[in-house]
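K.L.:
What follows is a predicted protein model with its sequence.
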Amino acid sequence: MEAETKVAIFKGKQIRKTIYNNEWWFSVVDVIEVLTDSVKPRVYWNAMKTRVKGEAGTELSTICRQLKLQSSDGKFYETDCANTEGMFRIIQSIPSPKAEPFKRWLAKVGYERIQEIEDPELATKRTRMLYKLKGYSDDWIEKRMRGIAIREELTDEWQKRGAKEKREYEILTAEISKASFGVTPSEYKKLKGLKRENLRDHMDDFELIFTMLGERSTTEIHRTENSKGLSKLKADAKAGGDIAGGARKKLEKRLKHSIVSKNNFKK
């Protein structure tokens, strides 16, 4: 599975979430910001932990995990996160008129995740529908869904071949991107004016195609050469990216314009 920060929406506000042990874990400070409208949710969270410990002797931090979530600067930082059950316990200590509707929303999101684990096809259908609702064309959606499958196939290989999740996946992904497009994902996001958004959701057809070519080539090189360990996987990633980069440069020469685009799908 692609290790990345997802964003859920509650009443127009963004809440970062990530999958850990097959369930959603939500950013505590994002939830606090939504429920309290606090301009300093981290300060509120720290004060709240102290208050609850003093009143009830409960350590709220024990129901949280520090998971890496993407920040507005595009980098990943360890952030206090709680699963659905833990978040319910935290919400009980937040006086807010939004608490009850948020609990219902949270239960629905958690239940949908359970359904998706039992029926992976359901997750695919939901993803397709979300892209459709955002106004993407059927042709683009097909490429995006194929790209997701290719990405998952690649990260499965990385896991089997000794790469540690998140940080090392980021290193390997950056190698492929740099060789494919001449920029790392963080540089690409900056070029497109993106912050928390998923870079690939803002790629056009050619950008998606060359991303797929670089990642699919890397997967095949890993398998053919039975690669193991970060150093070899990194060399393979560059080689796979070089294949996509070579094809991109040939097309750019013929079309007389760059494939790497500043365009995004933000409205």
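P.N.:
Nice, I can see it. Numbering: from 1, shown residues only.
K.L.:
Domain map for the chain?
P.N.:
Here the domain parsing of the chain from automatic domain parsing is 6-118, 121-255.
K.L.:
Redo those domains as CSV? Include mean pLDDT and mean neighbour count.
P.N.:
C-beta here means a position set from N, CA and C on the backbone, and glycine is covered the same way. Shown next, in CSV, are the domains of the chain (pLDDT from 0 to 100; neighbours: other CB atoms under 10 Å):
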stretch, mean pLDDT, mean neighbour count
domain 6-118, 83, 16
domain 121-255, 94, 17
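K.L.:
could I get those domains as JSON lines with distance to N264?
P.N.:
Listed next are the domains of the chain as JSON lines, based on distance: least, CB to CB, whole Å:
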{"stretch": "domain 6-118", "distance to N264": "14"}
{"stretch": "domain 121-255", "distance to N264": "4"}
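K.L.:
can you give me how far stretch 238-253 is from the chain middle?
P.N.:
25 Å (CA atoms, centre = their mean, to the nearest Å).
K.L.:
can you list the residues that contact it?
P.N.:
Applying CB atoms under 8 Å, 6 or more residues apart in numbering, the contact partners of stretch 238-253 are 175-182, 206, 210-211, 213-221, 258-259.
K.L.:
gap between R126 and E153?
P.N.:
From R126 across to E153, the span is 20 Å (CB to CB, to the nearest Å).
K.L.:
Oh, that last question was meant for E121, not what I typed.
P.N.:
According to CB to CB, E121 stands 17 Å off from E153.
K.L.:
And for N198?
P.N.:
18 Å.
K.L.:
same thing with D139?
P.N.:
As judged by CB to CB, D139 and E153 stand 22 Å apart.
K.L.:
what do you get for I32?
P.N.:
Computed as CB to CB, the I32 to E153 distance reads 37 Å.
K.L.:
by contact count, what packs against the helix or strand containing T224?
P.N.:
Taking DSSP states H and E as the definition, T224 sits inside helix 205-225. Secondary-structure packing of helix 205-225 (3 or more CB pairs under 8 Å, 6 or more residues apart in numbering; DSSP states H and E): helix 138-160, helix 167-181, helix 230-255.
K.L.:
Rebuild those helices as CSV, extending it with distance to I19.
P.N.:
Formatted as CSV, those follow (distance: least, CB to CB, whole Å):
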stretch, distance to I19
helix 138-160, 12
helix 167-181, 14
helix 230-255, 23
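K.L.:
Out of the ones you listed, flag the one nearest L106.
P.N.:
The closest of those to L106 is helix 138-160. By CB to CB, the value is 25.2 Å.
K.L.:
I'd like to know which of the helices and strands packed on helix 205-225 lies nearest to S61.
P.N.:
Closest approach to S61 among those is made by helix 167-181 (23.2 Å; CB to CB).
K.L.:
what's the next secondary structure element after the closest one?
P.N.:
Counting by DSSP H and E, the next helix or strand C-terminal to helix 167-181 is helix 185-192.
K.L.:
sorry, back to before: of all the helices and strands packed on helix 205-225, which one comes closest to I63?
P.N.:
helix 167-181 (25.0 Å).
K.L.:
So what's the gap between the closest one and the chain middle?
P.N.:
15 Å.
K.L.:
Ok, stretch 213-222 next?
P.N.:
In terms of CA atoms, centre = their mean, the centre of stretch 213-222 is found 21 Å from the chain centre.
K.L.:
Equivalent analysis for stretch 79-98, please.
P.N.:
Distance, centroid of stretch 79-98 to centroid of chain: 22 Å (CA atoms, centre = their mean).
K.L.:
So what touches that stretch?
P.N.:
Residues outside stretch 79-98 that contact it (CB under 8 Å, 6+ apart): 11, 16-18, 20, 23-29, 31-32, 34-36, 45, 48, 51-52, 60-61, 63-69, 99, 102-103, 106-107, 109-110.
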